[in-house]
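In: Sequence and computational prediction follow.
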Amino acid sequence: MLNKRYLILVFLEIIIFMEIFPLDIKKQDLLNIINNININFSMYPTLNSWNKKENVPLLDTDRKRNYRTIITEAAKEKPNFDGKYRIVEFGYGTSAQYFFIIDLNNGKVFEGIPSTSGIKYTNDSSLIIINPMENLLQIWDDIIPSWEIIRYLKWEGETFKELLIIEH
């Protein structure tokens, strides 16, 4: 027979689990939310331009040095984000992605934000979307797990400004 102390511990673990991993959401419910959001790339046009001068990326942290090859190779490419930046994406574990942002005009390298379902961005906007809805629709069937958080961020030159977070 189970004692009361054991039952209380199990109950507390269930409560903690539900706080950390709340209920998942149906795709259609999340689509209804997304369809009512009026944030798009054209709202945040780039103000930057690329000077077309090649700069050596500044690898000033251990993490950046660990990814030296992919950062250095990406720095040789044209901008793909906000006019003068190059985003380099890579996986780092099961269902985990990461990225760096390289300022092609001065070589500064900025750390991105981990994602579970990729990112979306354009060269003519400072908006970036972490775990965009299109990716979630491709990955998941009818239910989207609660840990899939969609984030709309504006790049402000060295940091992100959070515009909207959709968590369920």
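Out: Noted; the coordinates are in hand.
In: can you give me the strands for the chain?
Out: For the chain, the strands defined by DSSP state E cover 25-26, 85-91, 97-103, 109-111, 119-121, 127-130, 143-144, 150-155, 160-166.
In: Please identify the deepest-packed of the ones you listed.
Out: strand 127-130 (a mean of 24; mean count of other CB atoms under 10 Å). Any C-beta I mention is one placed from the backbone N, CA and C, and that applies to glycine too.
In: can I get the strands of the chain in CSV with mean pLDDT and distance to residue 50?
Out: Below are those laid out as CSV (pLDDT from 0 to 100; distance: least, CB to CB, whole Å):
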stretch, mean pLDDT, distance to residue 50
strand 25-26, 72, 40
strand 85-91, 95, 9
strand 97-103, 96, 10
strand 109-111, 97, 16
strand 119-121, 97, 15
strand 127-130, 97, 18
strand 143-144, 78, 37
strand 150-155, 95, 15
strand 160-166, 92, 21
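In: okay if I get those as JSON lines plus distance to residue 74?
Out: Below are those laid out as JSON lines (distance: least, CB to CB, whole Å):
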{"stretch": "strand 25-26", "distance to residue 74": "35"}
{"stretch": "strand 85-91", "distance to residue 74": "4"}
{"stretch": "strand 97-103", "distance to residue 74": "6"}
{"stretch": "strand 109-111", "distance to residue 74": "10"}
{"stretch": "strand 119-121", "distance to residue 74": "14"}
{"stretch": "strand 127-130", "distance to residue 74": "16"}
{"stretch": "strand 143-144", "distance to residue 74": "30"}
{"stretch": "strand 150-155", "distance to residue 74": "16"}
{"stretch": "strand 160-166", "distance to residue 74": "19"}
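In: so which of those strands comes closest to residue 51?
Out: Closest to residue 51 of those, according to CB to CB: strand 97-103, at 10.5 Å.
In: by contact count, what packs against the closest one?
Out: helix 68-74, strand 85-91, strand 109-111 (3 or more CB pairs under 8 Å, 6 or more residues apart in numbering; DSSP states H and E).
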